[in-house]
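> predicted model follows, preceded by the sequence.
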Amino acid sequence: MEGKPVLHYFKARGRMESIRWFLAAAGVEFEEKFIETAEDLNKLKNDGSLMFKQVPMVEIDGMKLVQTRAILNYLSTKYNLYGKDTKERVLIDMYTEGVADVNEMMIRLPVCPRDQKEATIAKIKEKTTVHFLPAFEKVLSHGQDYLLGSKLCRADIHLVEILHYVEELDPSLLANYPLLRALKARVSNLPGLKKFLQPGGQRQPPTDEKMLEEARKVFKF
């Protein structure tokens, strides 16, 4: 029997959260070994588990995978969420890269200097409302359930993850996008994600000052 994937990362969202979302949406149970001390991180580095001396790292199918996009590409192919041909795949890649632009801004927000936070949030809101949300609402105007039509793909999962973050930032931002709200509800109710998102699930909460302080001790930034 195939073992569960094992995720190695700090107990926070960061660059591992998209992997958690993906596995949950695919209905794949996973375990986590949280890095709680600098010694934990050094052990992974010293035993050769981290090719580039950094996390996230996922143990799966006898491999120790690093680099978030490489991990997500592998999972997408393994769980048949990467389209049926090269034309669908390039659309998925295009949508995913568009989501990644906003996700990168979201990931960096918790470590943004306090005197720059207000301006950074304003920039995220502008990017989201001027480019991001309208573009994906237009894609969904084809009238089907998912970005590519009738079948769930990785881009749907990544998009809905970001829609949750947008809603955390400012719930009103989604008010004028009924198709995106419907996609968010549809994907969030997939059995694996529904469990993931409920209280006590494996989804990580927003990063706060306490988490950042613990992370600084481990990663020395």
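Yep, it's here.
> distance from the chain centre to stretch 32-41, please.
Here stretch 32-41 is found 20 Å from its chain centre; the criterion is CA atoms, centre = their mean, to the nearest Å.
> which of the residues in that stretch are buried?
The neighbour-count check on stretch 32-41 (16 or more other CB atoms under 10 Å) flags 32, 35, 41 as buried. C-beta: built from backbone N, CA, C; applies to glycine.
> which residues in the protein form strands?
Applying DSSP state E to the chain gives strands spanning 6-9, 31-34, 57-60, 63-66.
> among these, which is the most enclosed?
strand 57-60 (a mean of 21; mean count of other CB atoms under 10 Å).
> that one pairs with which strands, parallel or anti?
Strand pairing for strand 57-60, using DSSP bridges, gives strand 6-9 (antiparallel), strand 63-66 (antiparallel).
> what's the last one in contact with?
The reference is to strand 63-66. Strand 63-66 has contacts (CB atoms under 8 Å, 6 or more residues apart in numbering) with 49-52, 54-59, 71, 74.
> from the chain's centre, how far out does that strand sit?
When C-alpha coordinates are averaged (CA atoms, centre = their mean), strand 63-66 and its chain have centres 18 Å apart.
> now the strands paired with strand 57-60 as TSV including distance to Ala100 and mean pLDDT?
As requested, the strands paired with strand 57-60 are exported to TSV (distance: least, CB to CB, whole Å; pLDDT from 0 to 100):
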stretch	distance to Ala100	mean pLDDT
strand 6-9	18	98
strand 63-66	17	98
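> do you know which of these lies nearest Phe132?
Minimum separation from Phe132 across the strands paired with strand 57-60 (CB to CB) falls at strand 6-9, 25.9 Å.
> need the contact partners of the closest one.
15-16, 19-20, 30-35, 44, 49, 55-60.
> please redo it, this time with the cut-off set to 6 Å
The contact list for strand 6-9, computed with CB atoms under 6 Å, 6 or more residues apart in numbering, reads 16, 30-33, 55-59.
> with stretch 92-102 instead?
The contact list for stretch 92-102, computed with CB under 6 Å, 6+ apart, reads 83, 132, 147, 153-155, 158-159, 162.
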